[in-house]
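Asker: Sequence and computational prediction follow.
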Amino acid sequence: MAAPWDDVLRDEPAIQEAASVAVDAALLEGVLMRTEGEPNASDVVNYAPFTLLPSAVPSALFEQAYAVQQDFNLLVDAISQNKEFLERTLASTIKVDDFTARLFRIHMQVLEEGLAQSVFLGINRSDYMFDCGVDGTPALKQIEINTIAASFGGLTSRTVAVHGRVLKVLGKSKEASRLLPNNPSKGLALGIAKAWELYGSQSAVVMFLVEEVQRNIFDQRCVENELWNRNIRVIRKRFRDVFEKGSLDDAKRLYMDGQEVAVVYYREGYVPTNYNQQNWEARLLLERSRAVKCPDIATQLAGTKKVQQELSRPGTLERLLPGCAEAVARIRATFAGLYSLDMGEEGDKIAATAIADPDRFVLKPQREGGGNNLYGEELRQVLEKIRDSPERTSYILMDKIKPQPAMNYLLRAHGPLQVSECISELGIFGVYVRQGKEMVMNKAAGHLLRTKAIEHADGGVAAGVAVLDTPYLV
Ligand code: ADP
Ligand code: MG
């Protein structure tokens, strides 16, 4: 998987020149983030971290990831409509994981009341690594699918231009012209616009539900701008605004400050720290409403690690997608080994195996946002402590994926310019819209490549570990 610029990696003057061009290009193109010190003001901004050079990605695996995205969209949508499957799959988890349990309770309450929502919008991102087999052939293996607040579709639309410039500066114009155009923010916005249109009220707005701390606002603004360009009004609100000013009318139409809301796009609400009692009440209000939630709470639950693990059991995909044998085969081909830690013989056995050989596995709790997984010695210690307690059912075990590292420079504001051994994770954005039972849109909407130094086991761009990248197909 060598990239055709490994020759320049050690040419220090050339790298230094390219890095200063890269940083200015990133600022010009809008690859931006607010600063840690002032996360809610745009007076001072910085570039979002990115690689100096694009990373090599095997084109066959890249195509495979795109080809399976519509299947994953169908799968997530099918799970979200399958009350029995979610109930059965999450039964052990919600006994020990309070966060998943609270989400699940809202899901059940909304179903009991009867769904007011009839248009459904899914925006997800399926993430993969390239597992290096014994013979050195890389294989596409899914890390997870993010069904809520999947980010960086905006900023990554702007990294291609930056990397194109860097390659030209380094005398690689031919390679620069081979970088693929990529615009997930447009694809995401087309999905939101479709849902807004089907909701059917010209005067209704799209509400971005955003976090208290908004460092990654420019990523969201990219999607927002696409909507404004289509003359769709966007408002940005937090849970506490919804708690204070949100209401439902008799038909469960959602109003904020007197404005009807057609679509709620969550960039918030995916981790326990996003919630206090008021925020939970606000979430319930939104879920009860007729507005199109992206995602609705059932789709958020479909993205839990426990669901991912259950999907890998023989027969599960076939039951969820009957009559779709080809889609099932494409999906299954991307699965790494996933194991349940539910109480019983199966769980006892895999726990013992992982304790004996922790480097083969990753231990994952039901959390999103990076930095929660356990590896190696830490995995062994934690699993040993909880192996006989029901607490272990709040985790799943997964085979550790081992990609082939490559050298690159990770550019971070105020960071040193030094070469690192890196591995990459490819994400494909999926967008779909369903009206009642009919799928009216089902697309792959672009990609995201994130790269990190191998010494970090875990963590995304927002967590400060990975950086934005652009794939160079080889
Ligand atoms: P989160 O929801 O916190 O993003 P992920 O499942 O995506 O959880 O894991 C976070 C990070 O941990 C990934 O981006 C990847 O770098 C690493 N990781 C996760 N699963 C594996 C695995 N099976 N093998 C190797 N690395 C993994
Ligand atoms: Mg992840």
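Answerer: Structure's in. What do you need? Ligands and ions are numbered 1, 2, ... in the order given.
Asker: Apart from its chain neighbours, what residue comes closest to the closest residue to ligand 1 within the stretch 1-150 of the chain?
Answerer: At 3.9 Å from ligand 1, residue 144 is the closest residue in the stretch 1-150 of the chain, using CB to the nearest ligand atom. From N, CA and C alone the C-beta is placed, and that goes for glycine too. Excluding its sequence neighbours, the residue lying closest to residue 144 (CB to CB, 6 or more residues apart in numbering) is residue 127, at 5.7 Å.
Asker: How many neighbouring residues does that neighbour have?
Answerer: The number of residues packed near residue 127 is 20, by other CB atoms under 10 Å.
Asker: Also residue 275?
Answerer: 18.
Asker: One more: the one 3 residues further on?
Answerer: Under the neighbour criterion other CB under 10 Å, residue 278 is assigned a count of 13.
Asker: Quick check: phi and psi at it.
Answerer: Per-residue torsions, residue 278: phi -60, psi -40 (degrees, to the nearest 10).
Asker: With adjacent residues omitted, what lies nearest to it?
Answerer: With CB to CB, 6+ apart as the criterion, residue 278 has its nearest non-adjacent residue at 4.4 Å, and that residue is residue 243.
Asker: Identify the residues contacting the one you found.
Answerer: Contact partners of residue 243, counting by CB atoms under 8 Å, 6 or more residues apart in numbering, are 278-279, 281-282, 285.
Asker: Which of those residues are buried? Put it as a PyMOL command.
Answerer: To isolate the buried ones among the contacts of residue 243 in PyMOL, judged by 16 or more other CB atoms under 10 Å, type:
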select buried, resi 279+282+285
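Asker: quick one: the helices in the stretch 101-250 of the chain?
Answerer: Here the stretch 101-250 of the chain has its helices, by DSSP state H, counting those that start in this stretch, at 159-169, 173-176, 184-199, 217-229, 239-245.
Asker: Make JSON lines out of those helices and add mean pLDDT.
Answerer: Compiled in JSON lines, the helices of the stretch 101-250 of the chain are given as follows (pLDDT from 0 to 100):
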{"stretch": "helix 159-169", "mean pLDDT": "98"}
{"stretch": "helix 173-176", "mean pLDDT": "97"}
{"stretch": "helix 184-199", "mean pLDDT": "98"}
{"stretch": "helix 217-229", "mean pLDDT": "98"}
{"stretch": "helix 239-245", "mean pLDDT": "98"}
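Asker: Out of the ones you listed, which gets nearest to residue 371?
Answerer: helix 217-229 (18.9 Å; CB to CB).
Asker: Give me the buried stretch members for the closest one, please.
Answerer: Neighbour counts over helix 217-229 (16+ other CB under 10 Å) mark 217-224, 226-227 as buried.
Asker: Export only the CA atoms of it, formatted as PDB.
Answerer: The C-alpha trace of helix 217-229 is given here as PDB (Å, rounded to 0.1, in the frame of the first residue of the first chain):
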ATOM      1  CA  ILE A 217     -19.400  24.200  14.400                       C
ATOM      2  CA  PHE A 218     -17.800  24.700  10.900                       C
ATOM      3  CA  ASP A 219     -18.400  21.100  10.100                       C
ATOM      4  CA  GLN A 220     -22.000  21.600  10.800                       C
ATOM      5  CA  ARG A 221     -22.100  25.000   9.000                       C
ATOM      6  CA  CYS A 222     -21.100  23.200   5.800                       C
ATOM      7  CA  VAL A 223     -24.300  21.200   5.900                       C
ATOM      8  CA  GLU A 224     -26.300  24.200   7.100                       C
ATOM      9  CA  ASN A 225     -25.100  26.300   4.100                       C
ATOM     10  CA  GLU A 226     -26.200  23.700   1.600                       C
ATOM     11  CA  LEU A 227     -29.700  24.000   3.100                       C
ATOM     12  CA  TRP A 228     -29.800  27.800   3.100                       C
ATOM     13  CA  ASN A 229     -28.700  27.600  -0.600                       C
END
